[in-house]
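[1] Mind looking at a prediction? Sequence and model below.
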Amino acid sequence: MEKADRLRDKSNFEQPSAVTDLLHKHESSFEMFDATLASGKGLRAVVAYKQGDEIMRETAIMRIPNSQPAASREAAEQLHKNAIQRAYNSLHHESQKSVMALASCNEDGTDVARTPQGVYDTNSFRLENDPKGGLFLTIARINHSCRPNVTHFWSPRLQQKLIFAARDIDIGEELLTIYGPGQCMATKCRREYLNERFSFECNCEMCREGNANGGDEKMLEIQALQEDIAMQSSSGLVSTTDAEGQLASVTTCLALMKEQGLGGGAFTKSLFHHGYDICLAAGDYDGARSYLNSELTAVMDSEGVHSTKAIEIEEALKNFHDTE
Ligand SMILES: C[S@@+](CC[C@H](N)C(=O)[O-])C[C@H]1O[C@@H](n2cnc3c(N)ncnc32)[C@H](O)[C@@H]1O
């Protein structure tokens, strides 16, 4: 079966489901366990996944505005705290218990010290282009890795968060996502960022490895290449010779990302789009179509086959064929 068909089959259930539905649908494909990488729990695969497989989708148990207008920072913090408390109070007792069983890095780690705000702030996500963030009971159990094997995507249409395999995953492997940063950084800076933003000392494979295999230099090179390519492709002034150099940078960057375990669709899709822009500007339509095909696969792998972006790219590819 073609990959797109396989993905379509997996994405057949379209409507948002309740958290309990999520647990029933997916309970046999992953399980919660006592994590070794991090304190507390984690999720691990009980079936093997292929890159691009949808592993789960979940509806938020709590939705809280990211920010509210207030006269001072203190007043804004109070509004945030009140909104969390109100949302928490409106939950069923069993759901409250599930929320309070999650990790809380604002407190000292004991059950007594946990508060709804500590739990919400530790485990919630901002949701792209949405004024409200969300807390997802199951997704909250996924620990962080700077070399993740899963990525998440907020679907505005489904109002759910979807988790996709960023590479092939074996049975028994822990599911690990990236909390941040959004840029490629050297180990010391990544660890500082994670400590400051999420209050933990990252113990992931990439951080433990540090610069042993030149990882830090590779991360910095990826970052520099990505910035350079984005700048060049947006300037739009591409001669054939420029295009060759820029496309060579795209190829180098993709290879480095793969070496660093960052070859999944969520990380590569923008790079493929730049490749497409560069080829178009240089009048290389075969090259443009090839990059667009790669972008489509990367988008389907990380957003699902029904995402708005995937549909738009499919449309653009059809137009390519129609104008030939
Ligand atoms: C969203 S929770 C993840 C699930 C959590 N382990 C649990 O038991 O519910 C985030 C917390 O997990 C821990 N954690 C996640 N990834 C980690 C990592 N790479 N290194 C060390 N601790 C990590 C940290 O304590 C962090 O505050």
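    Structure's in. What do you need?
[2] Let me see the ranges of the strands in this protein.
    Using DSSP state E, the strands of the chain run over 30-34, 41-45, 54-58, 62-65, 132-135, 143-144, 150-155, 160-165, 176-177.
[3] Minimum distance to Pro116: which of the ones you listed has it?
    Between Pro116 and the strands of the chain, the tightest spacing by Cβ to Cβ is seen for strand 62-65, at 8.4 Å. For glycine as for every other residue, the C-beta is placed from the backbone atoms N, C-alpha and C.
[4] Can you list the helices and strands that the closest one packs against?
    helix 73-89, strand 132-135 (3 or more Cβ pairs under 8 Å, 6 or more residues apart in numbering; DSSP states H and E).
[5] How much space separates whatever residue of the chain ends up closest to the ligand from Leu175?
    Residue nearest to the ligand within the chain: Gly40 (2.3 Å; Cβ to the nearest ligand atom). Separation of Gly40 from Leu175 (Cβ to Cβ, to the nearest Å) stands at 14 Å.
[6] Which one of these two is surrounded by more residues?
    A direct count of neighbours by other Cβ atoms under 10 Å for Gly40 and Leu175 places Leu175 higher, at 24 against 13.
[7] got the contact list for that one?
    Leu175 makes contact with Phe30, Gly42, Leu43, Arg44, Ala45, Ile55, Ile142, Asn149, Val150, Ile163, Ile169, according to Cβ atoms under 8 Å, 6 or more residues apart in numbering.
[8] Just give me the closest of the residues you listed to Glu196.
    The closest of the contacts of Leu175 to Glu196 turns out to be Ile142 (Cβ to Cβ; 20.6 Å).
[9] how many other residues sit next to the closest one?
    Residues near Ile142, counting by other Cβ under 10 Å: 25.
[10] what's it in contact with, if anything?
    Gly42, Leu43, Val150, Ile163, Leu175, Leu176, Thr177.
[11] coming back round to it: for Cys253, which of the strands of the chain is the nearest?
    strand 150-155 (18.1 Å).
[12] contacts for that closest one?
    Here strand 150-155 makes contact (Cβ under 8 Å, 6+ apart) with 55, 57, 125, 127-128, 130, 139, 142, 160-166, 169, 175-178, 264-267, 302-304, 307.
[13] Stretch 210-220 now?
    Residues contacting stretch 210-220 (Cβ under 8 Å, 6+ apart): Cys184, Met185, Ala186, Thr187, Met206, Glu209, Leu256, Glu259, Gln260.
[14] do that again at 10 Å, thanks
    Residues outside stretch 210-220 that contact it (Cβ atoms under 10 Å, 6 or more residues apart in numbering): 146-147, 183-191, 206-207, 209, 221, 256-257, 259-262.
[15] Check whether Ala243 really touches Gly287, as I assumed.
    Yes: using Cβ atoms under 10 Å, Ala243 is in contact with Gly287, at 8.2 Å.
[16] And the helices in this structure?
    For the chain, the helices defined by DSSP state H cover 3-10, 19-26, 73-89, 93-100, 116-123, 187-198, 205-209, 215-235, 240-259, 265-281, 285-303, 308-322.
[17] Quick check: Gln68 vs Asp121, distance?
    According to Cβ to Cβ, Gln68 stands 15 Å off from Asp121.
[18] Can you pull the poorly scored residue ranges out of this structure?
    Filtered on pLDDT under 70, the chain yields the residue ranges 1-27, 106-113, 236-238, 321-324.
[19] near the ligand, which residues of it?
    Within reach of the ligand by Cβ under 6 Å from any ligand atom, the chain has these residues: 35, 37-42, 102-103, 105, 122-123, 140-141, 143-145, 198, 200, 202-204.
[20] Separate out the buried members of these.
    35, 38, 41-42, 102-103, 122-123, 140-141, 143-145, 200, 202-204 (16 or more other Cβ atoms under 10 Å).
[21] quick one: buried residues of stretch 95-106?
    So stretch 95-106, judged by 16+ other Cβ under 10 Å, has buried residues Ser95, Ser98, Val99, Leu102, Ala103, Ser104.
[22] Now do the contacts for the fourth one.
    When contacts are counted by Cβ under 10 Å, 6+ apart, Leu102 is found next to 40-41, 114, 118-120, 122-124, 135-137, 140-141.
[23] Kindly indicate which of those residues lies nearest Asn82.
    So of the contacts of Leu102, ranked by how close each gets to Asn82 (Cβ to Cβ), first place is Tyr120, at 12.1 Å.
[24] got a list of what that closest one touches?
    Each residue near Tyr120 by Cβ under 10 Å, 6+ apart is listed here: 62, 64, 80-81, 83-85, 87-88, 99, 102, 104, 106, 133-135, 140.
[25] so how far is stretch 181-194 from its chain's centroid?
    16 Å (Cα atoms, centre = their mean, to the nearest Å).
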